[in-house]
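Chemist: sharing a sequence plus its predicted fold:
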Amino acid sequence: MALTLYNTLGREFQAVNSLVPGQIGFYGCGPTVYNYAHIGNLRAYVLHDILVKTLTRRGYRVTHVMNITDVGHLSGDNDSGDDKMVKSAEERGKGVLEIAEFYTQAFFNDTERLNIQRPTVVCKATDHIADMIGLIKRIEDRGFTYFAGGNLYFDISRFPSYGDLALLRMDELRTGARTGPDENKRNPQDFVLWFTKSKFENQALVWDSPWGRGYPGWHIECSAMSIKYLGEQFDIHAGGIDHIPIHHTNEIAQSEAATGKHPWVRYWIHNEFLVMDKGKMSKSAGGFLTLQSLVDSGYDPLDYRYFLLGGHYRSQLQFSFEALNGARNARKSLLDRVKALAEKTGLIPVLAETDGGYGKADAYLEAFDAALDEDLSTPKALASLWTLLRDTEVSPQEALSAAFTMDRVLGLGLAKEAEGVWNRVENQDFVREIAALIEERQAAKKYKDFVKADGIRDALKKRGIILEDGPSGTLWRRE
Ligand code: AMP
Ligand code: ZN
């Protein structure tokens with residue numbers, strides 16, 4: 001069983017083969033914290049979560065690094081326009097770092113409600129200026145930069161594989177239209193590594209550097225922080241498809257120019273956009289939907305997660321409230337089914353990580369794993385969960401055990417729903433009594449007092465409770 005991903009670099013499906021056996025270094029571009037994340041941004045982070053959890057289920061130790069962009073993100077994404085952080089701080093009459101802190105908290109509040117696991121390392125750009133300066137120096141020492149008009153630029157003509165990720169042709173690039181009038185650039189795609197006073201006079205945050213007092217360009221933070229925490233070469237890098245032609249293309253150029261190592265990243269994965277009826281959802285254009293706005297309209301955040309999992313990450317997903325209602329209804333039926341199964345069985349080891357041993361449910365778990373191996377096909381993985389829960393031939397314990405195992409990746413809150421049933425007051429005494437009897441029987445078996453052990457089993461049977469001994473201990477169900 002091998003996880004296969006569609007690698008944007010080379011545009012082909014590839015089996016994941018990690019640099020260090022058993023370990024994965026993964027970097028996902030994090031949020032720019034000048035406003036709330038919109039529900040489109042959250043699509044990217046649900047994908048990262050599915051990837052991390054799938055890799056973990058495959059036995060990898062994953063180091064997941066996420067940056068927080070709290071400085072130098074320009075609205076044109078190409079060194080043009082306003083600085084979004086500064087603009088937001090000015091509009092709200094607050095300091096840049098205060099704004100960043102507020103929206104960082106809001107971001108993690110959203111991801112937590114979506115059952116998105118916290119990355120191993122969360123790193124802020126403003127805490128890593130020295131690392132960025134160090135990396136820029138290496139790029140400069142290797143001859144990939146020029147200084148013009150107070151800014152230090154990356155010279156793409158020195159980096160022949162510049163267009164590889166985005167399938168851009170270098171000869172076409174040079175004659176291509178310019179995105180912004182910057183007299184200093186030799187090529188339209190050259191980009192700033194370090195700004196000084198020559199641009200954006202109103203910068204609140206500036207640092208000393210070998211090129212003068214100023215601030216970093218946007219792209220350098222991802223190169224500097226990923227290299228710091230994952231090494232000069234690592235396994236997987238993710239972001240939205242908008243990042244392919246500029247941000248990620250520039251990240252590769254900087255990183256490989258600095259280290260001389262190729263490839264910097266082995267697998268690049270990119271999520272397609274979530275789109276509205278009216279078109280693209282954009283943070284800078286305003287008027288976007290947040291997770292909180294869905295909650296205010298009565299949805300559970302996990303309804304939105306369910307909605308996202310219903311589409312493959314490389315397909316555009318159209319958001320509408322009708323579609324979200326569909327997801328809510330589907331998740332509700334799923335939870336109802338889990339509740340019904342939980343009523344029929346005793347507490348089962350919800351947290352036990354297993355790879356099967358669930359009898360008839362195993363075939364569904366295999367189909368589930370195969371679906372995720374196929375470039376993280378969450379729609380197919382959801383379908384295996386559904387068919388499992390609909391199959392009346394599968395015993396309630398085995399169905400629930402397999403469903404909970406699947407939900408460690410899907411994150412739809414299934415175990416919590418079952419626990420709700422088992423923790424119900426009227427069930428508690430009963431469940432506790434049975435658990436105590438099972439324990440007594442285990443002890444009797446240990447001391448070879450089979451008369452007592454069988455006596456407990458028979459007494460429970462008379463009350464309609466069947467005990468089943470399995471690899472994860474003794475489970476019980478109602479007859
Ligand atoms: P930002 O906070 O603007 O840097 O974006 C955070 C992440 O969300 C990036 O990986 C973007 O590529 C991604 N993204 C932005 N808009 C959308 C959208 N409408 N649908 C899916 N992903 C998006
Ligand atoms: Zn990035």
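Modeler: Received it, and whenever you're ready, just let me know what you need. Ligands and ions are numbered 1, 2, ... in the order given.
Chemist: going forward, measure contacts and count neighbours with C-alpha atoms only.
Modeler: Fine.
Chemist: look up how far ligand 1 lies from the residue of the chain at minimum distance from ligand 2.
Modeler: As assessed by Cα to the ion, ligand 2 sits closest to Cys29 within the chain, at 4.2 Å. According to Cα to the nearest ligand atom, to the nearest Å, Cys29 stands 6 Å off from ligand 1.
Chemist: quick one: that residue and His64 touch, right?
Modeler: No - applying Cα atoms under 8 Å, one finds Cys29 not in contact with His64, separated by 10.7 Å.
Chemist: A strand includes Tyr215, no?
Modeler: Yes - with DSSP: H, G, I helix; E, B strand; the rest coil as the criterion, Tyr215 is part of a strand.
Chemist: ok, Gln397 to Leu475 distance?
Modeler: Gln397 is 7 Å from Leu475, where distance means Cα to Cα, to the nearest Å.
Chemist: who has more neighbours, the two?
Modeler: Set Gln397 next to Leu475 and count neighbours by other Cα atoms under 10 Å: Gln397 wins out with 23 against 20.
Chemist: now that one: which helix or strand?
Modeler: Secondary structure assigned from DSSP states H and E places Gln397 in helix 396-410.
Chemist: likewise for Val421?
Modeler: Going by DSSP H and E, Val421 is part of helix 414-422.
Chemist: return the residues in contact with His270.
Modeler: Listed by Cα atoms under 8 Å, 6 or more residues apart in numbering, the contact set of His270 reads Thr8, Ala238, Gly239, Gly240, Ile241, Ile244, Arg314.
Chemist: 6 Å - rerun?
Modeler: Ala238, Gly239, Gly240, Ile241 (Cα atoms under 6 Å, 6 or more residues apart in numbering).
Chemist: and these, which of them are in strands?
Modeler: With strands taken from DSSP state E, the overlap with the contacts of His270 comprises Ala238, Gly239, Gly240.
Chemist: mind listing what's buried in the helix or strand Glu140 falls within?
Modeler: Assessed by DSSP H and E, Glu140 sits inside helix 129-141. Across helix 129-141, burial judged by 16 or more other Cα atoms under 10 Å covers Ile129, Asp131, Met132, Ile133, Gly134, Leu135, Ile136, Lys137, Arg138, Ile139, Glu140.
Chemist: following element in sequence after that helix, please.
Modeler: strand 145-148.
Chemist: from the contact counts, what lies against that next one?
Modeler: Applying 3 or more Cα pairs under 6 Å, 6 or more residues apart in numbering; DSSP states H and E, one finds that strand 145-148 contacts strand 151-154.
Chemist: which residues are in contact with the strand it packs on?
Modeler: Phe144, Thr145, Tyr146, Asp190, Phe191, Val192, Leu193, Trp194, Phe195, Thr196.
Chemist: off-centre distance for stretch 206-223?
Modeler: 28 Å (Cα atoms, centre = their mean, to the nearest Å).
Chemist: now tell me what touches it from outside.
Modeler: Gly72, His73, Ala125, Val192, Leu193, Trp194, Phe195, Thr196, His247, Glu251, Ser255.
Chemist: okay, how far is it across it, tip to tip?
Modeler: Stretch 206-223 has its terminal residues 20 Å apart, counting by Cα to Cα.
Chemist: list the buried residues in that stretch.
Modeler: Going by neighbour count (16+ other Cα under 10 Å), the buried part of stretch 206-223 is 206, 209, 211-212, 214-223.
Chemist: over to stretch 18-27?
Modeler: In terms of neighbour count (16+ other Cα under 10 Å), stretch 18-27 has its buried residues at Ser18, Gln23, Ile24, Gly25, Phe26, Tyr27.
Chemist: pretty sure the fifth one sits in a helix.
Modeler: No - residue state for Phe26 (three-state DSSP) corresponds to strand; a helix is not indicated.
Chemist: lowest-pLDDT helix or strand in this protein?
Modeler: Each helix and strand of the chain was given a mean pLDDT (mean pLDDT, DSSP states H and E); the minimum falls on helix 170-175 at a mean of 62.
Chemist: next one: phi and psi at the closest residue to Lys445 other than its chain neighbours?
Modeler: Spatial nearest neighbour of Lys445, excluding adjacent residues (Cα to Cα, 6 or more residues apart in numbering): Ala453 at 6.0 Å. Here is the backbone geometry of Ala453 (degrees, to the nearest 10): phi -60, psi -50.
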